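Asker: I would like to see how this sequence folds:
(chains A and B)
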Amino acid sequence: AQSVTQPDIHITVSEGASLELRCNYSYGATPYLFWYVQSPGQGLQLLLKYFSGDTLVQGIKGFEAEFKRSQSSFNLRKPSVHWSDAAEYFCAVGLMNYGGSQGNLIFGKGTKLSVKP
Amino acid sequence: DSGVTQTPKHLITATGQRVTLRCSPRSGDLSVYWYQQSLDQGLQFLIQYYNGEERAKGNILERFSAQQFPDLHSELNLSSLELGDSALYFCASSVGGSGTYEQYFGPGTRLTVT
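Answerer: A predicted model of the protein is given here:
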């Protein structure tokens, strides 16, 4: 069955430090992968997506993610974290069924990021 | 602002009651998804509609139902509410019906069942 695992429930980093959030997926076909961010009391905002091609994808707010098929991973990175990055981050895999006419996202449990001043 | 609107923002109701959550997708998007977010279950897919037709069902209880209207807005109906139905309900929309399309999320409706 398809699944997404985010091993870290909560991560704390200092402002200005680098960040890496881990995501592992289980999916039988070519995965379509997404990272979303949720600020407290807000909806989910799409940070970036991977469909095919270059395994390093750039997103908004200075985030990037690297797809590694051999490790079934899609880790999110940022070279220098800002206090405003404190939020919860969700990795997701998109399903495609019935010739592409239906599908949904399967989400990981999320990683909460705290930023120390 | 994602362009997806949801009403109401907050809803407080009693056990056994019925409520309706509303969603308007982004202009041009044909597919609407409903997700439930709770502390213990995380983000769970409930149901998907594409251009008025139901296309996929996830972990949706029989007490819950949804529909998508000709103008493409959608409603999620929750009946015989239980305390465990308290959660954040999100609507998302996308251009196509496949989960490979980017989904844009609304701000959510926070349902509290007392």
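
Asker: ok, now which ones touch residue 18?
Answerer: No chain specified, so I'll use chain A. Counting by Cβ atoms under 8 Å, 6 or more residues apart in numbering or on different chains, A:Ser18 touches A:Arg77, A:Lys78, A:Pro79, A:Ser80, A:Val81. Where C-beta positions appear, they are placed from N, C-alpha and C, glycine not excepted.

Asker: um, chain B though
Answerer: So B:Arg18 contacts B:Asn77, B:Leu78, B:Ser79, B:Ser80, B:Leu81 (Cβ under 8 Å, 6+ apart).

Asker: how close does it get to B:Val113?
Answerer: 11 Å (Cβ to Cβ, to the nearest Å).

Asker: identify the contacts common to those two.
Answerer: B:Leu81.

Asker: can you pull the contacts of the closest residue to B:Leu72 other than its chain neighbours?
Answerer: Closest residue in space to B:Leu72, ignoring its immediate chain neighbours: B:Pro25 at 5.7 Å, by Cβ to Cβ, 6 or more residues apart in numbering or on different chains. Residues in contact with B:Pro25 (Cβ under 8 Å, 6+ apart) are B:Gly3, B:Val4, B:Ser31, B:Val32, B:Leu72, B:His73, B:Ser74, B:Cys91, B:Ser93.

Asker: phi, psi of the second one?
Answerer: Spelled out, it's B:Val4. Phi and psi for B:Val4, reported as degrees, to the nearest 10, are phi -100, psi 130.

Asker: would you check that it makes contact with B:Ala92?
Answerer: Yes - applying Cβ atoms under 8 Å, one finds B:Val4 in contact with B:Ala92, separated by 6.7 Å.

Asker: find residues that contact each of the two.
Answerer: Jointly contacting B:Val4 and B:Ala92 under the rule Cβ under 8 Å, 6+ apart are B:Tyr104, B:Phe105, B:Gly106.
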